[in-house]
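Visitor: Here's my sequence, what's the structure:
(2 chains)
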Amino acid sequence: MSETTGRTTGTPLVKRGLAEMLKGGVIMDVVNPEQARIAEDAGATSVMALERVPSDIRRDGGVSRMSDPEMIQGIQAAVSIPVMAKARIGHFAEAQILQALGVDYIDESEVLTPADEAHHIDKWAFTVPFVCGATNLGEALRRISEGACMIRSKGEAGTGNVVEAVRHLRSIMGDIRKIGQADNAELFDWAKQLQAPLPLVQEIAETGELPVPMFCAGGIATPADASLVMQLGAQAVFVGSGIFKSDEPEKMAAAIVEAATHYRDPEILVKVSTGLGDAMKGLEIASLETKLAERGW
Amino acid sequence: MVTPTVGVLALQGAFAAHAAILESLGVATVEVRTADQLAPVEGLVIPGGESTTMSMLLERSGMLEPLRQRLADGLPAFGTCAGLILLAAEIRDGRDDQHALGMIDLTVARNGYGRQIDSFESDLDVAGLDTPFHAVFIRAPRVERAGDEVEVLASVDGDPVLCRQGAVLVAGFHPELSDDDRIHKLWLADAGL
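Guide: Below you'll find the model as predicted:
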């Protein structure tokens, strides 16, 4: 038995480690402490504190910013699970404030209005870990090279339509599989095509997976949606509007939690999908004025 | 001789990392999400993750009582982080509806080292290991009390972080993330697996 020789915080292992702990679970968008408690009661592994869920952001328009610190603190006080919050793309000052608040993860998110049209946040400069969205593998690797410790496929937030999430996941997972088949010479071309750092491409070729955990967001509205994206390779799911815009949020939240665990077991999925009331009303992607997934580069 | 199968509780959390280490040690593993999957295993790893979520899912999947029974019958268990919390006798700062399986006489405080920005890496001297083990603590539970029957194998600033009681081993840190299989080997040897 013994004592320690010293502690180091904010290392990549520590930051990616929390994402490891969230695998197989559901991270839920909440806008107040009451919703946060409902999410925790349902078995959420984490909550994302934000001012408005994406479907309301989409409806209301205007500039969407980091949440009020007081609201985030209220949510931190209400639950014992990790609390995440969103900063605008490139808005490192918002991220500094969120870190000072002690949030457990920052989402540099396209759901908010971007603050910088060329630069994402230098995430290596922070102790708190970051998650970033991606629509394809190149985007994912660029975010990782900037220090992101978790990637979520973007999907199209606030639509309740899973089609974009599926497109992005298939694109990312498909390219990972292809890189696994590539020879060394081809990896240089992959790095060029993806506009991504060669060492990260080489790492994928070696391990067959993304260097950080890969979750899915944007349009998940039912237990079946959660099962679908996890069978496609997502390691956990973010659910935004899908819970608190459904008929019975408590039931829907608990059902999606169970679906994330038993995603390959159709018999359990039948049970958890039954009697949930209406899921959120979805939107056709073609009818959208703004595609949030196109924010970020 | 039939190779024993170790179950890894896969309700949520870092189960895949545990399975990968065990497989690399030549141990057959199975992911456990239901009582049927639990029945044949000869040892069980309870991984890190959110202990509140796992506790609820144990109940909803009908596994809580079968698991209690298996553990009471002497099933060797290895719990890390959330797994330590679930196997402990008493949980502080937990939810009222959170289950403590009571297989090791510890009182633990959830997130006892603070939030994620306080999560840390540290070299640990572990009883029985020749060189320090590089440990990763993530929103780790703090062991506030260890009973007389508990053997403390490593500590951080006086608080136990690796504890053993019979065939139950618990760590407040994440040996599955350290690229070092010595703690897993220690448990397998204790468990006779």
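Visitor: Would you map the helices across chain B?
Guide: In chain B, the helices defined using DSSP state H lie at B:15-24, B:35-38, B:51-60, B:64-72, B:82-87, B:182-191.
Visitor: Turn those helices into JSON lines, including distance to chain A.
Guide: C-beta: built from backbone N, CA, C; applies to glycine. Listed next are these as JSON lines, based on distance: least, CB to the nearest CB, whole Å:
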{"stretch": "helix B:15-24", "distance to chain A": "6"}
{"stretch": "helix B:35-38", "distance to chain A": "10"}
{"stretch": "helix B:51-60", "distance to chain A": "4"}
{"stretch": "helix B:64-72", "distance to chain A": "14"}
{"stretch": "helix B:82-87", "distance to chain A": "7"}
{"stretch": "helix B:182-191", "distance to chain A": "14"}
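Visitor: With respect to burial, which of the ones you listed scores highest?
Guide: Ranked by mean neighbour count under mean count of other CB atoms under 10 Å in any protein chain shown, these are led by helix B:82-87, which reaches a mean of 28.
Visitor: can you give me how far that one is from the chain middle?
Guide: Relative to its chain's centre, helix B:82-87 lies at 6 Å (CA atoms, centre = their mean, to the nearest Å).
Visitor: which helices and strands does it pack with?
Guide: Packing partners of helix B:82-87 (3 or more CB pairs under 8 Å, 6 or more residues apart in numbering or on different chains; DSSP states H and E): strand B:43-46, helix B:51-60, strand B:77-80, strand B:104-109, strand B:168-171.
Visitor: which residues are contacting the last one?
Guide: It stands for strand B:168-171. Outside strand B:168-171, the residues within contact range by CB atoms under 8 Å, 6 or more residues apart in numbering or on different chains are B:71, B:76-81, B:83-84, B:87-88, B:103-104, B:106, B:135, B:161-164, B:183, B:186-187, B:190.
Visitor: State the number of residues packed around the residue of the stretch 151-297 of chain A found nearest chain B.
Guide: Nearest residue of the stretch 151-297 of chain A to chain B (CB to the nearest CB) works out as residue A:261 at 5.2 Å. Residues near residue A:261, counting by other CB atoms under 10 Å in any protein chain shown, number 26.
Visitor: Skip the chain neighbours and tell me the closest residue to it.
Guide: residue B:11 (5.2 Å; CB to CB, 6 or more residues apart in numbering or on different chains).
Visitor: now the worst-scoring helix or strand of chain A on mean pLDDT, how far from the centre of its chain.
Guide: When each helix and strand of chain A is scored by mean pLDDT, DSSP states H and E, helix A:54-60 comes last, with a mean of 87. Centre-to-centre, helix A:54-60 and its host chain are 18 Å apart (CA atoms, centre = their mean).
Visitor: Which SSE is immediately downstream of it?
Guide: helix A:69-78 (DSSP states H and E).
Visitor: Enumerate the residues of the stretch 1-150 of chain A near chain B.
Guide: Selection of the stretch 1-150 of chain A residues close to chain B by CB under 8 Å from any CB of the partner chain yields A:1-11, A:13-14, A:17-18, A:20-25, A:40, A:43-46, A:80-82, A:99, A:102-105, A:127-129.
Visitor: and those residues, which of them are in helices?
Guide: Per DSSP H, the residues of the stretch 1-150 of chain A next to chain B map to helices at A:13-14, A:17-18, A:20-21, A:40, A:99.
Visitor: tell me the helices in chain A, going along the chain?
Guide: Assigned by DSSP H, the helices in chain A fall at A:12-21, A:33-42, A:54-60, A:69-78, A:92-101, A:137-145, A:163-181, A:184-194, A:198-207, A:223-231, A:241-244, A:249-261, A:266-273.
Visitor: tilt between the last one and helix A:223-231?
Guide: On the basis of axes from the mean of the first three to the mean of the last three CA atoms, to 10 degrees, helix A:266-273 is oriented at 140 degrees to helix A:223-231.
Visitor: Which strands or helices does helix A:266-273 pack on?
Guide: helix A:223-231, helix A:249-261.
Visitor: In TSV, list those along with distance to residue B:150 and mean pLDDT.
Guide: Converted to TSV, those look like this (distance: least, CB to CB, whole Å; pLDDT from 0 to 100):
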stretch	distance to residue B:150	mean pLDDT
helix A:223-231	38	98
helix A:249-261	31	98
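Visitor: which residue packs closest to residue 141, ignoring adjacent ones?
Guide: I went with chain A, as the question did not name one. In space, residue A:141 is closest to residue A:196, 3.5 Å off (CB to CB, 6+ apart).
Visitor: Oops, wrong one, chain B.
Guide: residue B:108 (4.5 Å).
Visitor: tell me the pLDDT at the one you found?
Guide: Confidence at residue B:108, expressed as pLDDT, is 96.
Visitor: was I right about it contacting residue B:83?
Guide: No. Between residue B:108 and residue B:83 there is no contact under CB atoms under 8 Å: 11.2 Å.
Visitor: who touches residue 146 in this structure?
Guide: Reading this off chain A. Residue A:146 makes contact with A:120-124, A:132, according to CB under 8 Å, 6+ apart.
Visitor: Chain B, not that one
Guide: B:105-106, B:152, B:160, B:163.
Visitor: in the stretch 1-150 of chain A, which segments are predicted with low confidence?
Guide: Applying pLDDT under 70 to the stretch 1-150 of chain A flags residues A:1-5.
Visitor: and the gap between the spatially most central residue of chain B and chain A?
Guide: The centroid of chain B falls nearest to residue B:79 when counting by CA atoms, centre = their mean (0.6 Å). Distance of residue B:79 to chain A, given as CB to the nearest CB, to the nearest Å: 14 Å.
Visitor: Give me the pLDDT for that residue.
Guide: 98.
Visitor: residues contacting it?
Guide: Per CB under 8 Å, 6+ apart, neighbours of residue B:79: B:45-46, B:85-87, B:168-171.
Visitor: tell me, how many neighbours does the spatially closest residue to residue A:66 that is not a sequence neighbour end up with?
Guide: Excluding its sequence neighbours, the residue lying closest to residue A:66 (CB to CB, 6+ apart) is residue A:94, at 4.1 Å. Using other CB under 10 Å, the number of residues around residue A:94 comes to 21.
Visitor: what does residue B:89 give?
Guide: By the criterion of other CB under 10 Å, residue B:89 has 18 neighbours.
Visitor: For residue B:133, see how far away the residue of chain B found nearest chain A is.
Guide: Using CB to the nearest CB, the single residue of chain B nearest to chain A is residue B:125, 3.2 Å away. Here the distance between residue B:125 and residue B:133 works out to 8 Å (CB to CB, to the nearest Å).
Visitor: In stretch B:125-140, which of the residues would be classed as buried?
Guide: B:125-126, B:129, B:132-140 (16 or more other CB atoms under 10 Å in any protein chain shown).
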